[in-house]
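# my questions concern the predicted model and sequence given below.
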Amino acid sequence: MAWDCIIKGKEIDDVRKDRKTSKSVEKYNISEQAVYFDNKYLPLKEIKAMRVQPSMYTPQGCCGKGIPVFKIRLDYGGEKPVVLMVEKENNAIRAVQMIRGCNPDAVVEEYVDPVTGEPPKKWKGIFG
């Protein structure tokens, strides 16, 4: 299977070997060098900032009750950020911590609840 880097000119060496060392976080894989998704990858060293926020996903697109999910937004300086969607909060936290462990320069933006104006209490200090 061919894995394409989403940033031209920033490809990593030996993608196949790196992919084999990756760890699974729901439908995504994270290694020491990249995040793998949809036959593409984003090199971790290119991630400038990231943010986790709770959200809803509606499988049919518009109507009905949404499934609670967590979105992980990865800003890498491109036109559109990469958004990973996971169902479990612990997996969202784990993914951010794995990325941060390999790229400590990536800024973790704090999500602020629009109702309370504060971050979720259980998230305080987790991403810092």
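Yep, it's here.
# every contact and neighbour count from this point should use C-alpha atoms.
Noted.
# list the contacts of Asp4.
Counting by CA atoms under 8 Å, 6 or more residues apart in numbering, Asp4 makes contact with Asn39, Lys40, Tyr41.
# just checking: what are the partner strands of the host helix or strand of Asn29?
If you go by DSSP states H and E, Asn29 is part of strand 28-30. Sheet pairing of strand 28-30 (DSSP bridges) gives strand 23-25 (antiparallel), strand 34-37 (antiparallel).
# for those strands, which one sits closest to Gln97?
Of all those, it is strand 23-25 that lies closest to Gln97, at 11.6 Å by CA to CA.
# so how far is the closest one from its chain's centroid?
Computed by CA atoms, centre = their mean, to the nearest Å, the separation of strand 23-25 from the middle of its chain amounts to 11 Å.
# so what touches that strand?
Contacts of strand 23-25 (CA under 8 Å, 6+ apart): Asn29, Ile30, Ser31, Asn91, Arg94, Ala95.
# reformat these as JSON lines; add pLDDT, distance to Val69 and neighbour count.
Conversion of the contacts of strand 23-25 to JSON lines gives the following (pLDDT from 0 to 100; distance: CA to CA, whole Å; neighbours: other CA atoms under 10 Å):
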{"residue": "Asn29", "pLDDT": "98", "distance to Val69": "18", "neighbour count": "18"}
{"residue": "Ile30", "pLDDT": "98", "distance to Val69": "19", "neighbour count": "24"}
{"residue": "Ser31", "pLDDT": "97", "distance to Val69": "23", "neighbour count": "19"}
{"residue": "Asn91", "pLDDT": "95", "distance to Val69": "11", "neighbour count": "15"}
{"residue": "Arg94", "pLDDT": "94", "distance to Val69": "15", "neighbour count": "15"}
{"residue": "Ala95", "pLDDT": "95", "distance to Val69": "14", "neighbour count": "24"}
